[in-house]
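K.L.:
Here is the input, now give the coordinates:
(one chain, ligands or ions: 1)
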Amino acid sequence: MTITDAPSVYRADESGHFGEFGGAELPPFLVEPIAEVARAYEEASQDPEFQAQLQALLARYVGRPSLLYFAENLTNELGGAKIYLKREDLNHTGAHKINHCLGEALLAKRMGKTKVIAETGAGQHGVALATAAALVGLECEIHMGAVDIEKQHPNVVRMQLLGAKVVSVEEGGRTLKEAVDSAFGVYASAPDEYFFAIGSVVGPHPYPSMVRDFQSVVGREARAQILEAEGKLPDVLVAAVGGGSNAMGLFDAFLEDESVRIVGVEPSGEGLEGDRHAATMTLGTPGMLHGMKTKVLQDENGEPSPVHSIASGIDYPGVGPQHAHLEQIGRVEYVTASDAETLDAFQLLTRKEGIIPALESSHALAHVIKLAPTLPKDAIIIANLSGRGDKDVDFVAERIGVA
Ligand SMILES: *Cc1c(COP(=O)(O)O)cnc(C)c1O
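P.N.:
Below is the predicted model:
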């Protein structure tokens, strides 16, 4: 076996395990439909025509490559390392999610499905998927808790305008958890028609690897862009972690570069005591969630705990299994940023650079604000600006008393 044939410690094995994490822990009725997705993705990932189709859409439609922007004002303000921002906020639809939604929609089409289906919480995944479905020519069905439908009215309207059917879920707490069950129920009843499109690097194999691969364009671009701009690799990468897709997208191309320190930032919300946080990597324990073994914030009975973050896109009681593995083998560090630190970071970037970041991405920036002053001026940080903050301005204005 040559070096290039050797299985990388950073890749899942055939059963979709990253070390002890991952896998496909499914009820019997989902085993075959998900295995079909795994086989189809395996084929597609080796088909140059599929890859070319995806690359063409990323260029012509999403607007890739996204900029790697040197944030000079922010760098001067903090007085330490040079800060570069990977501008996923400039993508069509304003965040990184379109990268994997297009990949999933193309795969659905290739498999002969007529519909994509998913659950959504705050609606960001639903909007990105509805967009990809409209472009590729698929029907789209989004399950959403009735409580979330009430709270996220603009995203509901967007999905409907994009042609998606939004199903209001009235069971139980009427939020994300029930929406997941509802969407999986419909999917299992007609897997020949539907493709289940998961919104992050979570769920059963092949989703954590597949969604990472679709997002890995972010890190490949950033690596080439920083070599072009600075002639060397960055010292540190920083990204916010909810399920972990924007983070894996940035990290993947640098995992083998041992000189590059890699940091994931999750929400400590209102503090790590009690349940007003979503710090899964910091306080979670190994468990089962959504068809995978990973770290989970859970009670004694293995029920997922309630979670909170000021950023609704990262308040998830689990995390992608590859993150749990990367922590266990010591390759990636996971830290936290609080709601208050995140609000400060949001305002600092807005004022200093004229860039309004998503509250999710502001968690990464909050850590950059702590880290940059501790590093020498010739050190380089790349932070993933996973999305734009237009969706958050009313909320922030109210919180800081501008409105
Ligand atoms: C959804 C979302 C996230 C969190 O998802 P990950 O899978 O952890 O990347 C982060 N940033 C933005 C802008 C989002 O919309």
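K.L.:
what pairs with the residue in the stretch 301-403 of the chain that the ligand sits nearest to across the strands?
P.N.:
Going by CB to the nearest ligand atom, the ligand is nearest to Gly387 of the stretch 301-403 of the chain, at 2.4 Å. To be clear about C-beta, it is placed using only N, CA and C from the backbone, and glycine gets the same treatment. Taking DSSP bridges as the rule, Gly387 bridges to Ala95.
K.L.:
Which residues lie in contact with it in this structure?
P.N.:
Contacts for Gly387 (CB atoms under 8 Å, 6 or more residues apart in numbering) come out as Glu88, Asp89, Gly94, Ala95, His96, Lys97, Gln124, Gly313, Pro357, Ala358, Glu360, Ser361.
K.L.:
Count residues in the vicinity of the fourth one, would you?
P.N.:
Spelled out, it's Ala95. Neighbour count of Ala95, defined by other CB atoms under 10 Å: 25.
K.L.:
List the buried residues in the longest helix seen in the chain.
P.N.:
Using DSSP state H, we find that the single longest helix of the chain is helix 28-45. In terms of neighbour count (16 or more other CB atoms under 10 Å), helix 28-45 has its buried residues at Leu30, Pro33, Ile34, Val37, Ala38, Ala40, Tyr41, Ala44, Ser45.
K.L.:
Kindly report the same for stretch 55-63.
P.N.:
Quick answer for stretch 55-63 (16+ other CB under 10 Å): Leu57, Leu58, Tyr61, Val62.
K.L.:
Could you do stretch 387-396 as well?
P.N.:
Going by neighbour count (16+ other CB under 10 Å), the buried part of stretch 387-396 is Gly387, Arg388, Gly389, Lys391, Asp392, Phe395, Val396.
K.L.:
Take those and write them to a markdown table, including distance to Thr75.
P.N.:
Below are those laid out as a markdown table (distance: CB to CB, whole Å):
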| residue | distance to Thr75 |
| --- | --- |
| Gly387 | 22 |
| Arg388 | 21 |
| Gly389 | 20 |
| Lys391 | 27 |
| Asp392 | 24 |
| Phe395 | 28 |
| Val396 | 23 |
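K.L.:
From the contacts of Gly387, which land in strands?
P.N.:
Of these, none are assigned to strands by DSSP state E.
K.L.:
Next, Pro286: phi, psi?
P.N.:
Here is the backbone geometry of Pro286 (degrees, to the nearest 10): phi -60, psi 140.
K.L.:
who's the nearest residue to Leu67 once chain neighbours are set aside bridged to?
P.N.:
If the residues on either side of it in the chain are set aside, Leu67 comes closest to Arg87, at 4.3 Å by CB to CB, 6 or more residues apart in numbering. In this entry, Arg87 is beta-bridged to Leu385, by DSSP bridges.
K.L.:
Number of residues surrounding Arg87?
P.N.:
17.
K.L.:
sorry, back to before: make a markdown table out of the buried residues of stretch 387-396 and add pLDDT and secondary structure.
P.N.:
As requested, these are exported to a markdown table (pLDDT from 0 to 100; DSSP: H, G, I helix; E, B strand; the rest coil):
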| residue | pLDDT | secondary structure |
| --- | --- | --- |
| Gly387 | 97 | strand |
| Arg388 | 97 | strand |
| Gly389 | 97 | coil |
| Lys391 | 94 | helix |
| Asp392 | 95 | helix |
| Phe395 | 93 | helix |
| Val396 | 96 | helix |
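K.L.:
can you give me the strands in this protein?
P.N.:
Listed in chain order, the strands of the chain (DSSP E) span residues 17-18, 21-22, 68-70, 82-87, 115-119, 139-145, 165-169, 194-196, 236-240, 261-269, 285-289, 292-296, 333-338, 380-385.
K.L.:
any chance of the ones you listed in JSON lines, with distance to Ser216 too?
P.N.:
Converted to JSON lines, those look like this (distance: least, CB to CB, whole Å):
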{"stretch": "strand 17-18", "distance to Ser216": "15"}
{"stretch": "strand 21-22", "distance to Ser216": "17"}
{"stretch": "strand 68-70", "distance to Ser216": "15"}
{"stretch": "strand 82-87", "distance to Ser216": "13"}
{"stretch": "strand 115-119", "distance to Ser216": "21"}
{"stretch": "strand 139-145", "distance to Ser216": "25"}
{"stretch": "strand 165-169", "distance to Ser216": "30"}
{"stretch": "strand 194-196", "distance to Ser216": "21"}
{"stretch": "strand 236-240", "distance to Ser216": "13"}
{"stretch": "strand 261-269", "distance to Ser216": "14"}
{"stretch": "strand 285-289", "distance to Ser216": "24"}
{"stretch": "strand 292-296", "distance to Ser216": "19"}
{"stretch": "strand 333-338", "distance to Ser216": "20"}
{"stretch": "strand 380-385", "distance to Ser216": "12"}
